[in-house]
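# predicted model and sequence below, questions to follow.
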There are 4 protein chains.
Amino acid sequence: MYPLTTTAISEAYNRVRQHSETICEPLETEDYVPQPVPFVSPPKWHLAHSTWFFETFILKPFMPGYQVFDTDYNYLFNSYYNNVGERTLRTDRGNVTRPTTRNVYAYRQHVDRHMSELLETLTDPEALALVELGLHHEQQHQELLVTDIKYILGHNPLFPVYKSGHNLVDDTNGEGGFATISEGVYEIGFNSDEFCFDNELGRHKVYLHEFEISKALVTNAEFIAFMEAGGYQDFNLWLDEGWSWVNDNSINAPMYWHKINGEWHYYTLDGLQKVNPDAILSHINFYEASAFAQWKGMRLPTEFEWEIASDHVNWGKRWEWTNSAYLPYPGFSKAPGAVGEYNGKFMINQMVLRGASVATSPGHSRKTYRNFFHAHERWQYTGIRLVK
Amino acid sequence: MYPLTTTAISEAYNRVRQHSETICEPLETEDYVPQPVPFVSPPKWHLAHSTWFFETFILKPFMPGYQVFDTDYNYLFNSYYNNVGERTLRTDRGNVTRPTTRNVYAYRQHVDRHMSELLETLTDPEALALVELGLHHEQQHQELLVTDIKYILGHNPLFPVYKSGHNLVDDTNGEGGFATISEGVYEIGFNSDEFCFDNELGRHKVYLHEFEISKALVTNAEFIAFMEAGGYQDFNLWLDEGWSWVNDNSINAPMYWHKINGEWHYYTLDGLQKVNPDAILSHINFYEASAFAQWKGMRLPTEFEWEIASDHVNWGKRWEWTNSAYLPYPGFSKAPGAVGEYNGKFMINQMVLRGASVATSPGHSRKTYRNFFHAHERWQYTGIRLVK
Amino acid sequence: MYPLTTTAISEAYNRVRQHSETICEPLETEDYVPQPVPFVSPPKWHLAHSTWFFETFILKPFMPGYQVFDTDYNYLFNSYYNNVGERTLRTDRGNVTRPTTRNVYAYRQHVDRHMSELLETLTDPEALALVELGLHHEQQHQELLVTDIKYILGHNPLFPVYKSGHNLVDDTNGEGGFATISEGVYEIGFNSDEFCFDNELGRHKVYLHEFEISKALVTNAEFIAFMEAGGYQDFNLWLDEGWSWVNDNSINAPMYWHKINGEWHYYTLDGLQKVNPDAILSHINFYEASAFAQWKGMRLPTEFEWEIASDHVNWGKRWEWTNSAYLPYPGFSKAPGAVGEYNGKFMINQMVLRGASVATSPGHSRKTYRNFFHAHERWQYTGIRLVK
Amino acid sequence: MYPLTTTAISEAYNRVRQHSETICEPLETEDYVPQPVPFVSPPKWHLAHSTWFFETFILKPFMPGYQVFDTDYNYLFNSYYNNVGERTLRTDRGNVTRPTTRNVYAYRQHVDRHMSELLETLTDPEALALVELGLHHEQQHQELLVTDIKYILGHNPLFPVYKSGHNLVDDTNGEGGFATISEGVYEIGFNSDEFCFDNELGRHKVYLHEFEISKALVTNAEFIAFMEAGGYQDFNLWLDEGWSWVNDNSINAPMYWHKINGEWHYYTLDGLQKVNPDAILSHINFYEASAFAQWKGMRLPTEFEWEIASDHVNWGKRWEWTNSAYLPYPGFSKAPGAVGEYNGKFMINQMVLRGASVATSPGHSRKTYRNFFHAHERWQYTGIRLVK
């Protein structure tokens, strides 16, 4: 969306900011509070933190005379920016009952009102770039809002419905078969003047050997075949860490799956449902993806293979695990100051996921996008594409 | 309150049940949710659990045709009664956002309406005894409500006010000096036909040697003297476990104390206040009580000394640590079934506290009452009385 | 053994010191090294620590011109005496391979040679009392040597034999039935001018109600009956902490018991043996003792009941769990300095055991002796006596 | 060393097997026993495990009538081969005092005698390949023997000398400056008919952009400059995980460094020494390597850059951290059965190190060798090479 006109940026700001609140609209006040595990944040926190970003990086430096809404909020709603002062410990977020959800919405209104006013006249390109970064940042938190809400409700013994018609996992594949990509030198990385994150930059060449890549993603039926063949019990299929994870946690199915009276069900945002065998598999981690590929006698694509093949396959419904570790591109350099903490410092012990999921916000996907999670995490809408 | 007339029991029921809701009246919805540490329960949970007690032990067995409010609630709001089925893991309570607080209040109304109806005609002495037990049980949770709310708000970086005028720690002692109790055989335990808990029964004789007991409790000023004399740094004063606790947790003051610009403050239900040197010390654990007594060259009373001396000293503002472990009286036997799980199974590795605190509900104290907590716990309104 | 002549103390010194080395005689060098769990110490450490006691508390203060064997040993072999300087962390003991076992024996010889010389002329009563304390201290470590060696060998998958003929658990009871002790005031505590530990002093009166106490200890056959009746599966029998211990550790038998081809075996110092049903039960903790008593409809004695009944029952083969917490007697006061750390600072969250076991050193038992362990510990030779 | 004659393989067998025992020659018996941290194994275990490899994969399948030395040893000395049966838990290795060191040497002699006999006539190429694998496997354990012995002795408060003249860290660099490697397609992976590990196979093409690589490794003086510039205190230099590691462990220097009277010393196999500023830095982990590179405004090489540049720089004294995660080459496929567990299952959350160290066994290095450790580990002889 670049170069943005004043009208376009205002429109984008309003649309993106509204979308966060739309996601939370079905929640009860209590649902905004807890942090059941360290990697899930309270919805209240997401709403406040994405607002804090605009207050801290745009209103404070660029709007003369701006008064912060509450001086305590920097301490409470900073996520991991060491450059911006002391933070609430991440694991304590679920115990901070004040400010209330009502206060957080008031905070959002305060910041939005000032942002609207500022955006009418803002022309400083650095500031505009930060606004755009803030909107993409908020979109990332929107996907986390969806998956964190699912985690909170899906681990409640009552399996409450988030909103009817939102199960988000009952989608099926298009065309099957394999696409062949031929050997050669290819270019990787972002290549346009629109927005991207810093980790996509540094367009560079890679050499790929010929490979065949599946056009469709693995379905529930295919994964049930793996389960029924004893996939979770055969150590030869698993990475050593994965095998420990399976055993330490007594894992025998994807996240949210429950066997009830002999039939597999899964929790969806529409409540507990029977597993649809034709739907695309979701909520598996890298260990499970890797073991499944091993069982099939295939492998996962690298992120480079994925990027080059992306025009020849159907993608968009799951974050697809690649067999690439999340590391800097050759020319990567991080920005100075707090914004430089955005991506680079996480480039260790995480795996890259490519594509986008049914929970990704509209307009927030592109084929060079590098998402990343730890190998054991599976609360995102993750899936498997195979290479042979 | 025994033997109770129908009117008296109904009146008691209404009064006690109302008091729980009065305690919660100043809370925001969010405050009802979290469980910041395993020993603190969400206020929402206390309100539901005390209601579950009446539904489970009275309405279900004694009211023909009673329909439970929600069949899932037994699973969610049972605390530790193994006889009544599977329980939510205690440490997960803070993540259960549904049923909502509004649902819990509806549950209370449902149960109260049926209890009122039942109490009009209830004459079965076993049932009446269980109603009375349920009210005392709810009063115990009322004190926990106060201390758990204090914990939740007092660990919020904003130090929010619970309710003006409720600091609960700014109270002072009456008469000082020591009372002398002479050597001899004394009787210990409950001795009336009114209500008591099973752990107070089995009235029996003990032999006490002569001792002198302080009429007043230790004040903040006295404890600051201990702190300034290096009490928290001198291992000779501490039990071995206590010394580990001090060092592992970097303890240098009672709970809720903060040194701000060189002056000691404490969090109260009325917000952050300067420590009042004349007020009675609160929020110390057994290790601290023991170390303080050691520093003074005195000791804590046993629970038997305390009970015999109780007519000669002023008590009622703090739960007073004794140097007695929580163990059964000679004739103790637990009741069959779930009610028998009330006290006996906790008789290991806890210390007895005697008296009552500023947070104890009206009508819920007597000199034979045996309260008990682990040696490291200090979120109750606890205090120190010395013996020499 | 008090008042001691010069000859008597020298003879006692030689005899006790030799006994420690006799216990270790069957060991391989490797057996002296590990600390498999924090509560078990390496045999090498026991030999050195008991020597360090004599060097630190007798040779250094009372023998002019004494040169310490190695200045690093104070740091390495102090156990828990904060008054005597910084200590090796207790959990690190198993990783200290130097000084070697050979060095430790040389250390013993060095200290013994100087002690022998000193004892020829020593008359200072304070020093003589410390020598006697040191010998009793070494005898305590001798029992720990036996039980720690058993732990190290008994947790080796090869179940190695310590020494033929040393199974130490194959002993049987004498006379059965119950002795009746009548109600009244009794005196408790040590009452002679011979040696005792400080925790036995402060002879005082207690009032006991009438009770009947078993003359014999519980046998393996009786405990197998409890196991076969589902004792480890019935939560109503267990203290709450005990029930968690059973479940968290999947406990279904005493320590060292293994079911092999449908038959119960136990590891003894003589290797793996079939359980002898007539032998006295051993290696159970307080939780198991308490659950067994509950299942029998009886209870454990208090330490006061035990002491008064001790002339009427057979004791000496097991440390018997009492239902008394380890707390100070009314007149207890700890000695100044390091020796004062001997007992008092452990008076919290431990239970008293009375009697003595088959592993107790000769001459190291008396009816006022107060042994103590945590409720979950069971690597000592512990047993059960019942009261009704 | 391929194709091997019968004489050559026998000679290699004898030489490699002897080298393990030479490394252990200066040890005391006690030093063979402990496992101070999970990633360090007891020397006794290394000696037995490398022997178990030959017994299990060669003698048992290929020598008719071979009798195993002890049937329990498979259980005790298997490391991580799930295909070969149940294993001792890795963290328990330090508590297994039997078999003794003497037994383990007898086990080695038993296996060596049979291997010598077998090698006289062995011609089966599969068996010969396994012998060669076993020797390379033993050489890997030889390097671990050195670093594990250093860990055990270097964490002893007495800092014992392993053997005079073996400090292994006091070596200096050769030529300085940078080598320039030009852009283009290069081939990566093993390319000969001699021995290599499976993870080096699958020779393939990569595209490299031009880079300059330092000919020398970072010295202690250069790292002290980083430390004195506040490198350990500046979060902007660190990966997020690394910053947590620094703070959680209060790190302020490389492993084995101690500041004594204001001067930096380090533990070497020759005892405690002053740090030599000209010597090559050692014992830093990936986080430290990455932070140092960030501070210099440079970066670490990828493993592909390293392999291509290896002919233009001096290497051999440290394992050099690369910025490549340990992942399979495009054509990687693991061997069937236990041997297939050698490398592939560890390809997650580890970083590749290239080169070889002063502790690497003679003949055990080549430029395609892919070593790998977790990012936080630093007990190997690791170093830093920079790229700009």
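That came through, no problem.

# what residues does the stretch 251-388 of chain A have near chain D?
Residues of the stretch 251-388 of chain A that fall close to chain D, judged by C-beta under 8 Å from any C-beta of the partner chain: A:286-287, A:290, A:299, A:323-325, A:327-328, A:330-331, A:340, A:345-349, A:375. Placement of C-beta: from N, CA and C, glycine included.

# just the ones of those residues in strands?
Secondary structure assignment (DSSP state E) places A:Asn323, A:Ser324, A:Ala325 from these within strands.

# gap between the residue lying closest to A:Lys367 once chain neighbours are set aside and A:Gly355?
Once flanking residues are discounted, A:Lys367 sits nearest to A:Ser310: 4.3 Å by C-beta to C-beta, 6 or more residues apart in numbering or on different chains. In this view, A:Ser310 and A:Gly355 are 8 Å apart by C-beta to C-beta, to the nearest Å.

# host element of A:Val161?
A:Val161 belongs to no helix or strand when assigned by DSSP states H and E.

# what's the neighbour count on it?
Neighbour count of A:Val161, defined by other C-beta atoms under 10 Å in any protein chain shown: 16.

# same question, the one 4 residues further on
Other residues lying near A:Gly165 total 9 when counted by other C-beta under 10 Å.

# with adjacent residues omitted, what lies nearest to it?
Nearest residue to A:Gly165, sequence neighbours excluded (C-beta to C-beta, 6+ apart): A:Asp270, at 6.4 Å.

# from what I can see the one you found touches A:Pro160, true?
No: assessed by C-beta atoms under 8 Å, A:Asp270 is found out of contact with A:Pro160, at 10.7 Å.

# more neighbours: those two, which one.
Remark: of A:Asp270 and A:Pro160, A:Pro160 carries more neighbours, 19 against 16, as counted by other C-beta under 10 Å.

# okay, the residue nearest to A:Gly165: pLDDT?
For A:Asp270, the model assigns a pLDDT of 96.

# and it, what does it touch?
A:Asp270 makes contacts with A:Val161, A:Tyr162, A:Lys163, A:Ser164, A:Gly165, A:His166, A:Asn167, as judged by C-beta atoms under 8 Å, 6 or more residues apart in numbering or on different chains.

# and it, what are its phi and psi?
Dihedral pair for A:Asp270: phi -100, psi 20, per degrees, to the nearest 10.

# try A:Leu208
According to degrees, to the nearest 10, A:Leu208 has phi -110, psi 140.

# am I right that A:Tyr207 is in a strand?
Yes: assessed by DSSP: H, G, I helix; E, B strand; the rest coil, A:Tyr207 belongs to a strand.

# that one - how many residues pack around it?
By the criterion of other C-beta under 10 Å, A:Tyr207 has 20 neighbours.

# test my guess that it contacts D:Val206.
Yes: counting by C-beta under 8 Å, D:Val206 is a contact partner of A:Tyr207 at 5.4 Å.

# who touches both of the two?
D:Val185.

# who are the contact partners of the residue nearest to A:Lys367?
A:Arg354, A:Gly355, A:Lys367.

# phi and psi next, for it.
According to degrees, to the nearest 10, A:Ser310 has phi -60, psi -20.

# how close does it get to A:Ala179?
10 Å.

# other SSEs contacting the worst-scoring helix or strand of chain A on mean pLDDT?
Sorting the helices and strands of chain A by mean pLDDT, DSSP states H and E puts helix A:73-77 at the bottom, at a mean of 86. Applying 3 or more C-beta pairs under 8 Å, 6 or more residues apart in numbering or on different chains; DSSP states H and E, one finds that helix A:73-77 contacts helix A:43-54.

# who's sitting farthest from the centroid in chain A?
No residue in chain A sits farther from the centre than A:Gly65, which is 35.6 Å out by C-alpha atoms, centre = their mean.

# could you measure it against A:Ala127, distance?
As for A:Gly65, its distance to A:Ala127 is 16 Å (criterion: C-beta to C-beta).

# next one: A:Thr6
Applying C-beta to C-beta, the value for A:Thr6 to A:Ala127 is 12 Å.

# now swap in A:Asp170 and tell me
43 Å.

# ditto for A:Pro362
The gap separating A:Pro362 from A:Ala127 is 25 Å, by C-beta to C-beta.

# okay, the two: which has more neighbours?
Neighbours were counted for A:Pro362 and for A:Ala127 using other C-beta under 10 Å; A:Ala127 has more, 17 against 10.

# that one is in contact with A:Lys60, isn't it?
No: counting by C-beta under 8 Å, A:Ala127 stays clear of A:Lys60, with 11.4 Å between them.

# give the intersection of the neighbour lists for A:Thr6 and A:Ala127.
Common neighbours of A:Thr6 and A:Ala127, using C-beta under 8 Å, 6+ apart, do not exist here.

# didn't A:Leu145 look like it was pressed against A:Ser20?
Yes: applying C-beta under 8 Å, one finds A:Leu145 in contact with A:Ser20, separated by 6.7 Å.

# can you work out which residues contact both of these two?
Each of A:His46 lies in contact with both A:Leu145 and A:Ser20 under the rule C-beta under 8 Å, 6+ apart.

# neighbour count winner among the two?
A:Leu145 (24 against 20).

# do you know how far that one is from C:Glu307?
As judged by C-beta to C-beta, A:Leu145 and C:Glu307 stand 66 Å apart.

# and what of A:Val206?
Distance, A:Val206 to C:Glu307, using C-beta to C-beta: 82 Å.

# and for A:Leu76?
The gap separating A:Leu76 from C:Glu307 is 59 Å, by C-beta to C-beta.

# return the residues of the stretch 101-250 of chain A in contact with chain B.
A:Thr101, A:Ile152, A:Leu153, A:His155, A:Asn156, A:Pro157, A:Leu158, A:Pro160.

# in helices, which of those appear?
Secondary structure from DSSP state H places A:Thr101, A:Ile152, A:Leu153 of those in helices.

# hmm, the last one is touching A:Phe159, no?
Yes: taking contacts as C-beta under 8 Å, A:Leu153 lies within contact range of A:Phe159: 7.5 Å.

# who's more crowded, these two?
Neighbours were counted for A:Leu153 and for A:Phe159 using other C-beta under 10 Å; A:Leu153 has more, 22 against 17.

# stretch A:53-63 - what's its average pLDDT?
96.

# how is chain A divided into domains?
Chain A breaks down by automatic domain parsing into domains covering A:6-154, A:178-383.

# turn those into a markdown table, including distance to C:Leu239.
Listed next are the domains of chain A as a markdown table, based on distance: least, C-beta to C-beta, whole Å:
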| stretch | distance to C:Leu239 |
| --- | --- |
| domain A:6-154 | 30 |
| domain A:178-383 | 28 |
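
# just give the number of residues close to A:Gly94.
Look at A:Gly94: counted by other C-beta under 10 Å, it has 24 neighbours.

# do the same with A:Thr360
Neighbours of A:Thr360 using other C-beta under 10 Å come to 23.

# touching, A:Met115 and A:Phe54? I think so.
Yes: assessed by C-beta under 8 Å, A:Met115 is found in contact with A:Phe54 at 5.8 Å.

# which residues do the two both contact?
Residues touching both A:Met115 and A:Phe54 (C-beta under 8 Å, 6+ apart) are A:Val131.

# follow-up on the earlier one: and which of the ones in helices among the residues of the stretch 101-250 of chain A next to chain B is nearest to D:Gly184?
Using C-beta to C-beta, A:Ile152 comes nearest to D:Gly184 of those, at 52.2 Å.
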